[in-house]
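Q: model this:
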Amino acid sequence: IGQRQRVLVTEESFDSQYYVAHNKFYEQVLVPKKPEFKGKMIEVDIYEAGKHYMKGRPVEDAQVFTASIAQPLQKGQVSGLPQDLKKAHQNDICSSEASSAIMGWSWRFDGDGLKLLSLGFALAAIIMIFVIELH
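A: Below you'll find the predicted structure:
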């Protein structure tokens, strides 16, 4: 109690009353639930401590640091979706051709592709039969 620490605010607490932050030792520090803190690094004064947590009060006039250049995701938002695919789905272009073209691969097989795939399965089946008969 009485220490000043820099913490990274990462998530909402289980009881939804605080945000959970972690210090450099990854100890839990509960901070007031202010939306501008989420995903940010802030300085706090520790005013209460328990066995598995501490409570911190943000330092007045302290800077709020952004830990990365990306904005934190909103609750329920999924990360990693390519922007082109996201735009296609927002514009209701959800055909398999549009999706596969955007993702950079094509799952369509022309005549030659189907022949090669069939040949591969046939060859695998012959090898499996040969291996089973040897044992």
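Q: Do a quick rundown of the strands in this protein.
A: Per DSSP state E, the chain carries strands over the ranges 4-12, 18-22, 28-32, 40-49, 54-58, 65-66.
Q: show me what contacts Met41?
A: Arg6, Val7, Leu8, Val9, Val64, Phe65, Thr66, Ala67 (CB atoms under 8 Å, 6 or more residues apart in numbering). In short, each C-beta sits where N, CA and C put it, glycine included.
Q: Quick check: bridge partners of the third one?
A: Meaning Leu8. With DSSP bridges as the criterion, the beta-bridge partners of Leu8 are His22, Met41.
Q: Tell me the spacing between it and Leu114.
A: As judged by CB to CB, to the nearest Å, Leu8 and Leu114 stand 52 Å apart.
Q: Please identify which of the two sits among more neighbours.
A: Neighbours per residue, other CB atoms under 10 Å: of Leu8 and Leu114, the larger number sits with Leu8, 18 against 10.
Q: The more buried one contacts His22, correct?
A: Yes - between Leu8 and His22 there is a contact under CB atoms under 8 Å: 5.7 Å.
Q: any common contacting residues for those two?
A: By CB under 8 Å, 6+ apart, no residue touches both Leu8 and His22.
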